[in-house]
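Colleague: Below: sequence and its predicted model.
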Amino acid sequence: MKIVVSEIIWPIGIDLIKQKNWTVVYDPDLWTDNEKLLFELEDADALIVRNQTKVDAKMMETAKQLKVIGRLGVGLDNIDLKAASERKVPVIFAKNANATSVSEYVISAMLSSNRSLNSASENVKNGKWNRRRYTGNEIYGKTLGLIGVGEIGHRVAKHAHMLGLNVLGYDPFITPYEFSVMESGIELVKLQDILIHSNFISLHVPLTDKTRNLIDADLMSKMKSTTWIINTSRGGIVNEKDLYKALQNKTISGAFLDVLEIEPPEKDHPLLGLDNCMITPHIAGLTEESQNRTSRLVANELIGELEGKVSLCRVK
Ligand code: NAD
């Protein structure tokens, strides 16, 4: 068997596949060289990607022997699922493996929104002692609105409750009686209520035609001036031009963006110039723990598929 891995994977994933004495072509930068990637895929049995490799119909056409695609993560917008299904190539993903890490990122964003310890420490190191400037706000008793109450959303809710936040959720595809909602004490409401009542709005939906530009100027105009938007889901779900205007005019308080429409952004991207917009390089799901889990899970499930089993992590 020949397995091509076109993006970074933690060593445990490669070790597990090599224990099978299969050939592994591993180059974390392979996704940047389409010609080389297509060449390697011509006789490949499996492909493992993260979120940068664009797995399209042409690629699958080239990879005639492809039997399975592994996705080291959960967002599936970089894979043409229709083309994979037409060719009967199952796609397996790292179901739930990085949800806790993303949830902790959201909690960390909320805690640091009004208490930037990094900035306060920087201030002291620059010879200052500005206690007034660094007087913050508690998150205790504030309202968190979740858009999308799936694997990540309900974990965020559980963590947020421990810190004394009220948690509202909007998700038109689930009922109030699902375990994930009842067990995490989320109050399911209309989108309008999330916008009006939340101090923090955190997005946990996939990028689809329906969620692209979901958060636009119209929705932002309904938010409180003290609201922080946290987007760890996908770039393109929050309209970046509208967000820029809302942040610059301070009609909302601030934003944490872990994902952008184009990653990495152009050097002159307007959002980079705003003090109230924190941007991180798509790291919400990136921790040593989650990456070990993800790499182990995808390698094991992929091996199983190549040995004739049907993975529980197949995309349905
Ligand atoms: P999930 O499939 O478990 O949950 C998504 C939820 O969104 C579902 O409950 C679904 O019903 C809901 N939803 C779909 N369309 C909606 C809409 N229009 N309005 C409201 N709700 C809607 O997925 P998850 O594991 O919670 O992950 C969510 C997203 O987070 C992923 O699709 C991925 O893009 C992103 N993600 C990012 C990182 C990162 O490192 N930044 C890591 C993991 C996942």
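Modeller: Received, thanks. Numbers count the residues shown, from 1 in each chain.

Colleague: gap between Leu111 and the ligand?
Modeller: 18 Å (Cβ to the nearest ligand atom, to the nearest Å). For glycine as for every other residue, the C-beta is placed from the backbone atoms N, C-alpha and C.

Colleague: Which residue, other than its chain neighbours, is closest to that residue?
Modeller: Closest residue to Leu111 apart from its sequence neighbours, by Cβ to Cβ, 6 or more residues apart in numbering: Ile139 at 6.2 Å.

Colleague: burial of that neighbour, as a residue count?
Modeller: 22 (other Cβ atoms under 10 Å).

Colleague: same deal with the one 4 residues further on?
Modeller: One way to gauge burial is a neighbour count; for Thr143, by other Cβ under 10 Å, it gives 21.

Colleague: what do you get for Lys64?
Modeller: The burial count for Lys64: 11, using other Cβ under 10 Å.

Colleague: So what's the predicted local confidence for the nearest residue to Met278 once chain neighbours are set aside?
Modeller: Nearest residue to Met278, sequence neighbours excluded (Cβ to Cβ, 6+ apart): Phe256, at 4.7 Å. Here the pLDDT value assigned to Phe256 is 98.

Colleague: Adjust the sequence numbering to begin at 55 for everything that follows.
Modeller: Fine by me, first position is 55 from now on; the one you just mentioned is Phe310.

Colleague: Is Phe310 inside a helix or a strand, and which specific one?
Modeller: strand 308-311 (DSSP states H and E).

Colleague: touching the ligand at all, the next helix or strand after that strand?
Modeller: Scanning forward in sequence from strand 308-311 by DSSP H and E, the next helix or strand is strand 331-333. No. Judged by Cβ under 6 Å from any ligand atom, strand 331-333 and the ligand are separated, with a smallest distance of 12.1 Å.

Colleague: ok, for the residue in the stretch 255-370 of the chain positioned nearest to the ligand, nearest residue in space, not its chain neighbours?
Modeller: Using Cβ to the nearest ligand atom, Gly339 is the residue of the stretch 255-370 of the chain that sits closest to the ligand, at 3.1 Å. Among residues not flanking Gly339 along the chain, Asn152 sits closest, at 3.5 Å (Cβ to Cβ, 6+ apart).

Colleague: Surely that neighbour is in contact with Arg347?
Modeller: Yes. Contact criterion Cβ atoms under 8 Å: Asn152 and Arg347 qualify, at 7.4 Å.

Colleague: neighbour-wise, which of those two wins?
Modeller: Asn152 (24 against 19).

Colleague: residues contacting the more buried one?
Modeller: By Cβ atoms under 8 Å, 6 or more residues apart in numbering, Asn152 lies in contact with Gly127, Val128, Gly339, Leu340, Thr341, Ser344, Gln345, Arg347, Thr348.

Colleague: so of these, which ones are in strands?
Modeller: If you go by DSSP state E, these have nothing in strands.

Colleague: So which of those residues are in helices?
Modeller: Ser344, Gln345, Arg347, Thr348 (DSSP state H).

Colleague: Greatest separation within those: which pair is it?
Modeller: Farthest pair in these (Cβ to Cβ) is Gln345 and Arg347. Separation: 7.2 Å.

Colleague: so what pLDDT did the residue lying closest to Ala111 once chain neighbours are set aside get?
Modeller: Residue nearest to Ala111 in three dimensions, not counting chain neighbours: Ala137, with 3.9 Å by Cβ to Cβ, 6+ apart. Listed pLDDT for Ala137 reads 97.

Colleague: And the helices in this structure?
Modeller: 65-72, 88-95, 111-116, 135-140, 153-167, 171-179, 205-216, 233-236, 245-251, 271-274, 294-302, 342-360.

Colleague: Which residue is the nearest non-sequential neighbour of whichever residue of the chain sits closest to the ligand?
Modeller: Here the residue of the chain nearest the ligand is Gly204; by Cβ to the nearest ligand atom that distance is 1.8 Å. Spatially, and ignoring its direct neighbours in sequence, Gly204 is nearest to His258 (6.2 Å; Cβ to Cβ, 6+ apart).
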